[in-house]
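> test case, fold it:
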Amino acid sequence: MGISIWQLVIVLGIVVLLFGTKKLRNIGSDLGGAVKGFKGAMKDGAAADSAKLDQKEESTIIEGEVKHEEKDKV
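Reported below is the predicted structural model:
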């Protein structure tokens with residue numbers, strides 16, 4: 001019921017005849033560049049998010065003393 005290797009070869013041959021090898025090579029390199037750029041953007045975004053989170057954590061720290069006052073017991 002699945003696709004056999006011969007069917008894939010025929011489809012690949014038709015695609016090569018329609019577009020040509022040079023066009024397919026250009027499409028492949030463009031697609032590879034897009035994937036590489038996407039991965040780089042994801043890494044940069046994750047680094048920026050972690051830096052922003054670290055900065056936010058540092059800005060929420062409040063330093064000071066706790067003074068305990070005894071209230072009058074009734």
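> just want the most central residue of the protein.
In the chain, the residue lying closest to the centroid (C-alpha atoms, centre = their mean) is Met42, at 3.2 Å.
> could you check how far that one is from Val35?
Distance of Met42 to Val35, computed by C-beta to C-beta, to the nearest Å: 11 Å. In this view, the C-beta of every residue, glycine as well, is placed from N, C-alpha and C.
> how near is the residue nearest to the centre of the chain to Trp6?
Counting by C-beta to C-beta - Met42 and Trp6 are separated by 38 Å.
> contacts for stretch 3-19 next, please.
Leu24, Ile27 (C-beta atoms under 8 Å, 6 or more residues apart in numbering).
> just the CA coordinates for it, please, in PDB.
Taking C-alpha atoms only, stretch 3-19 is exported to PDB below (Å, rounded to 0.1, in the frame of the first residue of the first chain):
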ATOM      1  CA  ILE A   3       5.100   4.100  -2.100                       C
ATOM      2  CA  SER A   4       7.800   1.800  -3.600                       C
ATOM      3  CA  ILE A   5      11.300   2.900  -4.600                       C
ATOM      4  CA  TRP A   6      10.400   2.800  -8.300                       C
ATOM      5  CA  GLN A   7       7.600   5.200  -7.800                       C
ATOM      6  CA  LEU A   8       9.900   7.600  -6.000                       C
ATOM      7  CA  VAL A   9      12.500   7.300  -8.800                       C
ATOM      8  CA  ILE A  10       9.800   8.100 -11.500                       C
ATOM      9  CA  VAL A  11       8.600  11.100  -9.500                       C
ATOM     10  CA  LEU A  12      12.200  12.300  -9.100                       C
ATOM     11  CA  GLY A  13      12.800  11.900 -12.800                       C
ATOM     12  CA  ILE A  14       9.800  13.900 -13.700                       C
ATOM     13  CA  VAL A  15      10.700  16.700 -11.300                       C
ATOM     14  CA  VAL A  16      14.300  16.800 -12.800                       C
ATOM     15  CA  LEU A  17      12.800  17.000 -16.300                       C
ATOM     16  CA  LEU A  18      10.400  19.800 -15.300                       C
ATOM     17  CA  PHE A  19      12.800  22.000 -13.300                       C
END
